[in-house]
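Engineer: sequence-free structure coming up:
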């Protein structure tokens, strides 16, 4: 059996190694158009920032090492330019010599990945404008930063690559501005959770221009101008396009393969395309979202590796199935970690799924053990069934651990109520006896049994201040003095029982504290005295973070237009 693989990196290289482990007699040929067949794609921003100092650390395998260990014929700088399904062959161009030849196959695996999205904007050919996807891109940016010593950079886009690059360029001392049309960074988070990322970036001197449309680029003396719609242009010494990625499927389209979301290659659970003996994996394929069940394009390394293994199994006569992608992801951003799995609230509603949620702000480990860090958690579940839909967490240490637990719970089909029963490891340096994931389950259980009624950060400002409802802030007087929500009266939790006569019984009571825990206790007290009580999920901490993020900031906008 002869297997031809188009593209290396995560999916293609994984599949090649797996095929060899399953079939020692298979002939395996991999064509990779870049100069690197297997590299640490996710580590590229950290090489630019100097966190990874040795460029060889980015290369996981070389053609020589692959041949020596797996007897796989890895040919870099070779681009497949056409697929001929009718004669089971591909046309290949040697990019170093320009010569072309045909290569026949019994099985063909496509792993072309995705390319940086480059809209047809004027000026994209500017020599100070970069994209970041390959090792060659990385070396080009690193060389420019080292030799030209730019003082400023504008990043068009705020996804994973954009944010990681913003951190690394800022750590090198550059003035960094992020410009994008969406009004919040990182689409894997809902807007209120992204507010914490915005604050972290601003605290570290990164300028944010959200809700601004880039219309083109123009050379400027010693730099480049970013042209904005209905705005004065921005100027910087360099620009990086980080708008997102687009499936690299021109080859598949020309061969007549069925395409789906964003032009991605449609595959079944076995990673088979619409044509016989052709498989596809990785960032170029359409998958089923494991939670919504809808077609999706999810460009992440973890799914690409799994898909490569599954395709290899099936090429070798097995029957492996890909269950779909949850989109589990994690990001380091200065001192913060942001992570998500499953659906966002926005995506759930777009999919027509009725969802509910809880917010909580637990510490990463036991409060009496030094060094604990607060994390903000949002857990989504389906109304009525309590099926887990997704989770988002922003904080310090312990974020990655909790998102992995929640991801596993979604994959296992647990309900949100069952989170309270998970038997999770505990020692004071690592967690609390009631782990944050358990706490989320307790909250959902209270909702399900009617012990808790909630209201949310985006409902606060619309609450009437005319006396028809009672608004209480159960924090301490000191906390209240440092900042409070207009119209909420301070009545500390520990004084509540002695001051019940001050609270009218004939109207609803809306209560908040810093994170939602003390106000929940207050609600339980009041409910048992006959009050109709509602707790602000996430508390003042979440509300204040969003309010601060959304406050007009003309100074920051002006600063973004100046030459750093």
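Structural biologist: It's in. No experiment lies behind these values; they were computed from the predicted model shown.

Engineer: host element of residue 196?
Structural biologist: Here residue 196 is covered by helix 191-203, with elements defined by DSSP states H and E.

Engineer: Now do the buried residues in that helix.
Structural biologist: Buried residues in helix 191-203, counted by 16 or more other Cβ atoms under 10 Å: 191-201. (Glycine included, C-beta is placed from N, CA and C.)

Engineer: Which other helices and strands does that helix contact?
Structural biologist: helix 160-171, strand 207-210, strand 329-333, strand 336-342, strand 376-382, strand 388-395, helix 539-550 (3 or more Cβ pairs under 8 Å, 6 or more residues apart in numbering; DSSP states H and E).

Engineer: Would you mind getting the angle between that helix and strand 376-382?
Structural biologist: 160 degrees (axes from the mean of the first three to the mean of the last three Cα atoms, to 10 degrees).

Engineer: what's in contact with helix 191-203?
Structural biologist: 163, 166, 178, 183-186, 189, 208, 210, 333-336, 338, 376, 378, 392, 394, 457-458, 538, 542, 545-546, 548-550, 556 (Cβ atoms under 8 Å, 6 or more residues apart in numbering).

Engineer: for it, what is the average pLDDT?
Structural biologist: Averaging pLDDT along helix 191-203 gives 97.

Engineer: what do you get for stretch 218-227?
Structural biologist: Rounded mean pLDDT across stretch 218-227 is 90.

Engineer: Just the terminal-to-terminal distance for that stretch.
Structural biologist: Start and end residues of stretch 218-227 are separated by 7 Å (Cα to Cα, to the nearest Å).

Engineer: Show me what counts as buried in that stretch.
Structural biologist: Neighbour count says stretch 218-227 has 220, 223-227 buried, by 16+ other Cβ under 10 Å.

Engineer: just stretch 504-516 next, same as before
Structural biologist: Counting neighbours by 16+ other Cβ under 10 Å, stretch 504-516 gives 508-516 as buried.

Engineer: now it, how far from the chain's geometric center?
Structural biologist: Its chain's C-alpha centre and that of stretch 504-516 lie 35 Å apart, by Cα atoms, centre = their mean, to the nearest Å.

Engineer: okay, how far is it across that stretch, tip to tip?
Structural biologist: Taking Cα to Cα as the criterion, the two ends of stretch 504-516 lie 22 Å apart.

Engineer: contacting residues around the spatially closest residue to residue 364 that is not a sequence neighbour?
Structural biologist: Among residues not flanking residue 364 along the chain, residue 398 sits closest, at 3.5 Å (Cβ to Cβ, 6 or more residues apart in numbering). Residue 398 sits next to 364-365, 373, 375, 430-431, 436 when contact means Cβ under 8 Å, 6+ apart.

Engineer: next one: residue 160
Structural biologist: 186, 329, 331.

Engineer: Which residue, other than its chain neighbours, is closest to the first one?
Structural biologist: Right, residue 186. residue 194 (5.7 Å).

Engineer: okay, among the contacts of residue 398, which ones form the most distant pair?
Structural biologist: 375 and 430 (13.6 Å; Cβ to Cβ).

Engineer: That'll do, ta.
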